[in-house]
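Visitor: Curious how this folds, go ahead:
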Amino acid sequence: MYRHIAAFVAALLITSPVMGQVKPPPKGDFDTWLQGIREEALQRGIKPEVVAEALADVKPNRRVIKRDRSQAEFKLTLSTYLGRVATPHNIRVGARKALKHKALLDAVAKKYGVQSRFILAIWGIETRYGAVKADVPLISSLATLAYDARRSQFFKRQLFATLQMVNRGYIDVNSLFGSWAGAMGQPQFMPSSYLAFAQDFDGDGRRDIWKNEGDVFASIANYLAKHRWNDNQTWGRKVEIPSGLVKSFGKPTRRAAPGCRARTYPQKTLAEWQELGVRRLGGRDLPVRDLKAALVLPDGPAGKDAYLVYRNYSAIMAYNCAHLYAVTVGTLADRIQGELRK
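Guide: From the prediction side, this is the model:
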């Protein structure tokens, strides 16, 4: 099982197999395949000494394949997900971390334009504020999954991205640990996301998302900022919707984020939603702001929970394309803020 629920939902989205339809492994033995990886790495400009060190004595990890093949196929509900993640304990710890790292979080928030409560929420969901330590040797797990036929091309890209990380001096080979599926560090970045979004906030020449809180916070913030985060807005809010409204829309068709398979219902202005009978909890009117919002039903049309979400929601969905995840990030962020106001 996954050691934290966010990684579990993420992996279900990208890796959940259909039993009985798993492809066989590729032809050719692993050592021959690995030699081809070495040669391609050199062609890509990876230093020979990096290739030699990183790919020395790499063997297939049977535990990784077993985990990849044995993922359960079931649907979590929002209430279950929230109950496991946005717990009173996690909210209190988040508030304590906010106070402990206030100066650093304020500096990151100012530079990247991302409110600190959302950085804290993602940090808390991904690795329980750094308490969960992924300990699987990264090169071995990625090489195993790249050799396997089912998602070979994706994990081959991640393997070469990892070699580039070492090649550029961001991390040494002996420090490369992650989840069995390759997610790394306290923000749980895949290697390609690391290259694209990880930050060296303290200027020491390394993007240390494993041990350096400044780099961790800045990397999460940079990811959101590069996906058009707006710190003049929040993420969304839970709402009450009139009976029959969802049925009138049909199926949700709007992508929640570019490249994301999850869908939302149409975007409308808050004034238009107000006219359609949508209200804040308790029947209160929606905010009077010139904002567009999309309707999200995390548990589907039969579920009881409904949310109006703003543009920032799309940035969270880019981080992890799951409504349960994005709603929980927003909810945990709001609850941490509420705890700080007590």
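Visitor: I'd guessed residue 297 sits against residue 249; true?
Guide: No - assessed by CB atoms under 8 Å, residue 297 is found out of contact with residue 249, at 10.2 Å. Using the backbone N, CA and C atoms, a C-beta is placed for each residue, glycine as well.
Visitor: In terms of neighbours, single out the busier of the two.
Guide: Using other CB atoms under 10 Å as the criterion, residue 297 and residue 249 rank with residue 297 on top: 19 against 13.
Visitor: Report the contact partners of the nearest residue to residue 113 once chain neighbours are set aside.
Guide: In this structure, residue 113 finds its nearest non-sequential neighbour in residue 231, 4.5 Å apart by CB to CB, 6 or more residues apart in numbering. Residues in contact with residue 231 (CB atoms under 8 Å, 6 or more residues apart in numbering) are 109, 113, 114, 115.
Visitor: In three-state terms, label the third one for me.
Guide: Translated: residue 114. Of the three states, residue 114 takes coil under DSSP: H, G, I helix; E, B strand; the rest coil.
Visitor: try the first one
Guide: Classification of residue 109 into helix, strand or coil gives helix, according to three-state DSSP.
Visitor: residues near it, how many?
Guide: Counted by other CB under 10 Å, the residues lying close to residue 109 total 18.
Visitor: Then the second one?
Guide: Summarising burial for residue 113: neighbours were counted as other CB under 10 Å, giving 14.
Visitor: Overlap in contacts, residue 297 and residue 249.
Guide: By CB under 8 Å, 6+ apart, the residues touching both residue 297 and residue 249 are residue 265.
Visitor: Next, please give the residue ranges for the helices of the stretch 51-200 of the chain.
Guide: With DSSP state H, counting those that start in this stretch as the criterion, the stretch 51-200 of the chain has helices at 62-69, 78-85, 88-100, 102-112, 116-127, 138-147, 152-167, 191-197.
Visitor: returning to that earlier point: tell me which of the contacts of residue 231 is nearest to residue 138?
Guide: residue 114 (27.0 Å; CB to CB).
Visitor: Verify the stated contact: that closest one with residue 223.
Guide: No - taking CB under 8 Å as the definition, residue 114 is not a contact partner of residue 223, at 9.0 Å.
Visitor: What's the separation between residue 214 and residue 183?
Guide: From residue 214 across to residue 183, the span is 20 Å (CB to CB, to the nearest Å).
Visitor: Neighbour count for the two, which is higher?
Guide: A count of neighbours by other CB under 10 Å puts residue 183 above the other of residue 214 and residue 183, at 25 against 19.
Visitor: how near is that one to residue 218?
Guide: In this view, residue 183 and residue 218 are 18 Å apart by CB to CB.
Visitor: how is the chain carved up into domains?
Guide: According to automatic domain parsing, the chain comprises the domains 17-70+135-178, 236-309.
Visitor: lowest-confidence stretch among those domains?
Guide: Taking each of the domains of the chain in turn, the lowest mean pLDDT turns up on domain 17-70+135-178, with a mean of 85.
Visitor: Can you tell me the closest non-neighbouring residue to residue 296?
Guide: residue 307 (4.6 Å).
Visitor: List the neighbouring strands of the helix or strand encompassing the one you found plus their orientation.
Guide: Using DSSP states H and E, residue 307 sits in strand 306-309. Its sheet considered, strand 306-309 pairs with strand 236-240 (antiparallel), strand 292-296 (antiparallel) by DSSP bridges.
Visitor: which other residues reach it?
Guide: Counting by CB under 8 Å, 6+ apart, 235-241, 246, 264, 270, 273, 278, 286, 293-298, 326-327, 330 sit against strand 306-309.
Visitor: Among the residues you listed, name the buried ones.
Guide: Using 16 or more other CB atoms under 10 Å as the burial test, the contacts of strand 306-309 include 235-237, 239, 241, 246, 264, 270, 273, 278, 286, 293-298, 326-327, 330 as buried.
Visitor: Okay, the residue nearest to residue 109 when sequence neighbours are not counted and residue 260: tell me how far apart.
Guide: Closest residue in space to residue 109, ignoring its immediate chain neighbours: residue 116 at 4.7 Å, by CB to CB, 6+ apart. Counting by CB to CB, the gap from residue 116 to residue 260 is 25 Å.
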